[in-house]
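> I need the structure of the sequence given here:
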Amino acid sequence: MSGYGGDNGRVSKPGKLFEHWCDAEGCKAWGSFGYKTKYGQLWFCRAHKQEGEDALAGRR
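Alright, predicted model coming up:
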């Protein structure tokens, strides 16, 4: 098929693995829940997910 922007035959190269650690103070867990706020990207683990929800709603 033609007409698609990805038809130029280039293959994407593997990038670096991004390490997202939980942004809760003192937490050393993997931050698997990302929240994009006006202040930047925040990452939280499952235990601190509510902090991310609060940040997204502007309560942090």
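
> checking the most centrally placed residue in the chain next. Helix, strand or coil?
Compute the mean C-alpha point of the chain, and by CA atoms, centre = their mean the closest residue is residue 34, 3.8 Å away. Under the three-state scheme (DSSP: H, G, I helix; E, B strand; the rest coil), residue 34 adopts strand.

> how about the contacts made by it?
By CB atoms under 8 Å, 6 or more residues apart in numbering, the contact set of residue 34 is 20, 41, 42, 43, 52. The C-beta positions use only the backbone N, C-alpha and C, and glycine is treated the same way.

> 6 Å instead?
41, 43 (CB atoms under 6 Å, 6 or more residues apart in numbering).

> so what pairs up with it in the strands?
The partner list for residue 34 in beta bridges (DSSP bridges) reads residue 43.

> the helix or strand hosting residue 41 - what's its average pLDDT?
According to DSSP states H and E, residue 41 maps onto strand 40-44. Strand 40-44 shows a mean pLDDT of 94.

> and residue 47, helix, strand or coil?
helix.

> separation between it and residue 32?
11 Å (CB to CB, to the nearest Å).

> quick one: low-confidence parts of this structure?
1-17, 60 (pLDDT under 70).

> tell me where it has strands.
33-37, 40-44 (DSSP state E).

> give me the angle between the first one and strand 40-44.
If I follow you right, that is strand 33-37. 160 degrees (axes from the mean of the first three to the mean of the last three CA atoms, to 10 degrees).

> ok, now which ones touch residue 35?
Contacts of residue 35 (CB under 6 Å, 6+ apart): 42, 52, 55, 56.
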